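>>> any chance you can model this:
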Amino acid sequence: MGHTERGAAAVAATGDPVPTGAVIRTVNADERAARAVANAGEPTLEFADRTPYDAYVHASTLHTLQQTLSKDPGEMSFLMISQIMELYFGLTCFELRETRERLRDDDVWGALPSLRRAALHLEGLNAAWHGLRWMTPADFNKFRDLLGEGSGFQSAMYRQLEFLLGLKTASLVRPFRRQPAVYEALVDALHAPSLWDEVLVLLDRRGFDLPAALLDRDLTEPAEPDPAVELAWVRIYRDTGPDNHLRMLGEALAEVGEQFGDWRYQHLKATQRAMGAKAGTGGSGGVAWLQRSMARTVFPELWSARTLM
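Model prediction:
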């Protein structure tokens, strides 16, 4: 994916343009060495404008986005960790889109770095749950009513992540109809091949002869598990040679699937801890809804094939 496409993807994913006003002056190794000598090894303390770090990271903007609804100090944890998770959703989607493009180009080796990074980002996402382990029902109830109907179920970026992983449900784009850019991006993602779809096309292209009904189906529907896909992974894993890139791909996909499954489980446990079996804030059955969602497995044949290996 080129720089222009990535920028367009960022606009489509968030509904907001990527900030372009900040200008950062590039420096080379010789300039850095000269500056260190001039500073006698101390950091630079004077700048003509905002610090270059803030111009790049936009930290001063990020730290204005925590606008709590109550005076309860615990709400800040809830809000900020939710925002951190949103950033991880976006980062993971970015990596999975890059992986998808590489596979579309038949570049399995080139797809591995971004896919492995995605697994690590999901690991970081999972770690974010630790910051909410203090929350009991009494703690959550201090500000829960103020959230109204707001719910993590309404995260457009999480829905993008699900669609990329092959968990397609057309009805789940409906909450975003009043947000045109977000809605359009989700509809596009719903109709686009998921990462798993590109894996299936790759396997067929590499001679594993998958059913046409699987490859040519309506992409807004998830791929149903197929014995031919399962057999393909069995054959791939039987080749234990060091140059078997498809086997490496399978292991990287398995790590992503496992980390994503861990996130869903941690979500379930955090919900049970904070509200038990109460109805969800967004109108769902809460824990019951999450349990049903967890039954949908990411990359199913990659797991079922292990029984036959």
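>>> so which helix or strand takes in residue 119?
For residue 119, the host element (DSSP states H and E) is helix 108-127.
>>> ah, wrong one, I meant residue 53
Using DSSP H and E, the element containing residue 53 is helix 52-57.
>>> which other helices and strands does the helix or strand hosting residue 229 contact?
In this structure, residue 229 sits in helix 227-238 according to DSSP H and E. Secondary-structure packing of helix 227-238 (3 or more CB pairs under 8 Å, 6 or more residues apart in numbering; DSSP states H and E): helix 195-203, helix 245-275, helix 300-304. Using the backbone N, CA and C atoms, a C-beta is placed for each residue, glycine as well.
>>> would JSON lines of the ones you listed with distance to residue 37 and mean pLDDT be doable?
Compiled in JSON lines, the helices and strands packed on helix 227-238 are given as follows (distance: least, CB to CB, whole Å; pLDDT from 0 to 100):
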{"stretch": "helix 195-203", "distance to residue 37": "49", "mean pLDDT": "98"}
{"stretch": "helix 245-275", "distance to residue 37": "44", "mean pLDDT": "94"}
{"stretch": "helix 300-304", "distance to residue 37": "54", "mean pLDDT": "96"}
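>>> out of these, nearest to residue 31?
helix 245-275 (38.5 Å; CB to CB).
>>> just the angle between that closest one and helix 195-203, please?
170 degrees (axes from the mean of the first three to the mean of the last three CA atoms, to 10 degrees).
>>> hang on, the earlier thing: identify each buried residue in the helix holding residue 119, please.
For helix 108-127, burial by neighbour count (16 or more other CB atoms under 10 Å) applies to 108, 111-112, 114-119, 121-122, 125-126.
>>> which of those residues sits closest to residue 296?
Using CB to CB, those come closest to residue 296 at residue 122, 16.6 Å.
>>> show me what contacts the spatially closest residue to the closest one that is not a sequence neighbour?
Nearest residue to residue 122, sequence neighbours excluded (CB to CB, 6 or more residues apart in numbering): residue 259, at 3.6 Å. Residues near residue 259 by CB atoms under 8 Å, 6 or more residues apart in numbering: 119, 122-123, 125-126.
>>> same check, this time on residue 162
Residue 162 neighbours (CB under 8 Å, 6+ apart): 168-169, 172.
>>> what's the angle from the host helix or strand of residue 80 to helix 245-275?
According to DSSP H and E, residue 80 maps onto helix 74-104. Angle of helix 74-104 versus helix 245-275, following the same axes, to 10 degrees, is 160 degrees.
>>> and helix 74-104, what does it pack onto?
Using 3+ CB pairs under 8 Å, 6+ apart: helix 74-104 touches helix 3-14, helix 108-127, helix 156-164, helix 195-203.
>>> distance to residue 149 for those - can I get that in CSV?
Shown next, in CSV, are those (distance: least, CB to CB, whole Å):
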stretch, distance to residue 149
helix 3-14, 21
helix 108-127, 24
helix 156-164, 16
helix 195-203, 31
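>>> looking at those helices, which is nearest to residue 181?
Closest to residue 181 of the helices and strands packed on helix 74-104 is helix 3-14 (CB to CB; 6.7 Å).
>>> next secondary structure element downstream of the closest one?
With DSSP H and E, the next secondary element past helix 3-14 is helix 29-38.
>>> list the buried ones in that following helix?
Going through helix 29-38 with 16+ other CB under 10 Å, nothing comes out buried.
>>> closest one to residue 70 out of the contacts of residue 162, please.
Nearest member of the contacts of residue 162 to residue 70, counting by CB to CB, is residue 172, at 29.3 Å.
>>> ok, and the closest non-adjacent residue to residue 269?
residue 129 (7.9 Å).
>>> repeat that for residue 303.
Ranked by CB to CB, 6+ apart and with sequence neighbours excluded, the top spatial neighbour of residue 303 is residue 297, at 6.5 Å.
>>> now do the helix holding residue 229 against helix 195-203, angle only.
Relative orientation of helix 227-238 versus helix 195-203 (the same axes, to 10 degrees): 70 degrees.
>>> perfect, that will be all.
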